[in-house]
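Enquirer: Need a 3D model of the sequence below.
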Amino acid sequence: MTRVEDFAWLPGAIEGMLALANAGFVLAVVSNQRGIARGLLSWETLGEIEAEIQSALRPHGAEIAAFRYCPHSLDADCDCRKPKPGMLLELATTLDLDLANSWMIGDSRSDIQAGRAAGTHTALLAPAGRSEADVTAPTLLDAADLIARKGDQVPPENSATSAS
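Expert: From the prediction side, this is the model:
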């Protein structure tokens, strides 16, 4: 994705975020965006995409508390590029989050590895199958439902849901 026009919601994404927000989770986004380093994507475009996301959530009383991006190339030796946990650790400090009671939700193995490295619970958005994530679900709405079912063991207060 290099233009705001390329942004599209995945099925169940808005509903899943709303369900998590209504359950008391703090929503945050962490994303590798090497297109910035390659000159294919601008910070301005990312800001426009953030505005699109917020405008879809706000009428329902929800919002993304923070967006964090790794703008570096694949060969950069940075602490922010997933699977390293740098962005999650920074969010924990900035938003005063308890990572042990937080969830990293993503669609790739590097998302799950970053969550594990940061000490969060993890959810993989993928078809059913073998995964190192705590839960696997085909959509964010399905993942939110599974996370809510685990809610007895993970109180939502001070928790974060990070999606990439």
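Enquirer: Isn't K82 up against D111?
Expert: Yes: if you go by C-beta atoms under 8 Å, K82 and D111 touch, sitting 6.0 Å apart. C-beta here means a position set from N, CA and C on the backbone, and glycine is covered the same way.
Enquirer: Now do the phi/psi pair for C70.
Expert: phi -100, psi 110 (degrees, to the nearest 10).
Enquirer: I'd like to know how many residues surround it.
Expert: Using other C-beta atoms under 10 Å, C70 is surrounded by 21 other residues.
Enquirer: got a list of what it touches?
Expert: Counting by C-beta atoms under 8 Å, 6 or more residues apart in numbering, C70 touches S31, N32, Q33, R34, C78, C80, R81, K82, G86, M87.
Enquirer: Widest-spaced pair of those residues?
Expert: Taking C-beta to C-beta as the measure, the contacts of C70 span a maximum distance of 14.8 Å, between R34 and G86.
Enquirer: What separation do you get for the most far-flung residue of the chain relative to its centre and F7?
Expert: Most distant from the centre of the chain: G39, at 23.5 Å, with distances by C-alpha atoms, centre = their mean. Counting by C-beta to C-beta, to the nearest Å, the separation of G39 from F7 is 19 Å.
Enquirer: if we can go back for a sec, inside strands: which ones of the contacts of C70?
Expert: Mapping those onto strands (DSSP state E) picks out S31, N32.
Enquirer: Can you tell me which of the contacts of C70 comes closest to A133?
Expert: Nearest member of the contacts of C70 to A133, counting by C-beta to C-beta, is K82, at 13.8 Å.
Enquirer: Got the confidence number for that closest one?
Expert: At K82, the model reports a pLDDT of 97.
Enquirer: show me the contacts for it.
Expert: Counting by C-beta under 8 Å, 6+ apart, K82 makes contact with V30, N32, C70, G106, S108, S110, D111, Q113, A114, S164.
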